[in-house]
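> make a model of this:
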Amino acid sequence: MLRSASDFGISAQDWDTAKEQARTAMIERAKVRGMIPYSDLVAKIAAVKFLAHDTRLFHLLGQISVEENDAGRGMLSVVVVHKHGDMQPGPGFFVLGQHLGYDTKDLLRFWVEQLKKVHAIWSTARS
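The predicted structure is shown next:
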């Protein structure tokens, strides 16, 4: 389902650095119970240049969410949202949630549950 760095012609080292930069930016927002638009997130990733609607970015965010979910911290990319309109994550977030076994029939409920979980974990975490 999720593609890797080599599928996009990116070195594993650059991909891992980009993942850590994205993860750090998302955690910073989660600590203050906030969200971050895709366009603001890509500005914080220096290792690989992404656009806000970049397929490679979506795979990177998916990998981070799978890893965070497996660690019991929820889908961290829940904090990455559209800057305008619904101000929610893109459709790939919900597809991934379903793939991970979550009930996504009510998309708004699923999103709010994940957002509350991620915010609760990181807003009380020690740096």
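> test my guess that residue 19 contacts residue 60.
Yes. Shown here, residue 19 and residue 60 form a contact pair, counting by Cβ atoms under 8 Å, at 5.8 Å. Heads up, the C-betas are built off the backbone N, CA and C, glycines and all.
> next SSE after whatever helix or strand residue 24 lives in?
Here residue 24 sits within helix 12-31, counting by DSSP states H and E. Using DSSP H and E, the next helix or strand after helix 12-31 towards the C-terminus is strand 36-37.
> what's around residue 57, how many residues?
23 (other Cβ atoms under 10 Å).
> give the full set of residues in contact with the closest residue to residue 54 other than its chain neighbours.
Closest residue to residue 54 apart from its sequence neighbours, by Cβ to Cβ, 6 or more residues apart in numbering: residue 42 at 7.3 Å. Residue 42 is in contact with 49, 50, 51, 52, 54, 57, counting by Cβ atoms under 8 Å, 6 or more residues apart in numbering.
> again, only this time at 10 Å
18, 22, 25, 36, 48-54, 57, 80 (Cβ atoms under 10 Å, 6 or more residues apart in numbering).
> likewise residue 30?
Contacts for residue 30 (Cβ under 10 Å, 6+ apart) come out as 36, 73-74, 76, 78-79, 115, 117-123, 125.
> hang on, the earlier thing: now the helix holding residue 24, how far from the centre of its chain.
9 Å (Cα atoms, centre = their mean, to the nearest Å).
> mind listing what's buried along that helix?
Neighbour counts using 16 or more other Cβ atoms under 10 Å place 15, 18, 19, 21, 22, 23, 25, 26, 27, 29, 30 of helix 12-31 among the buried residues.
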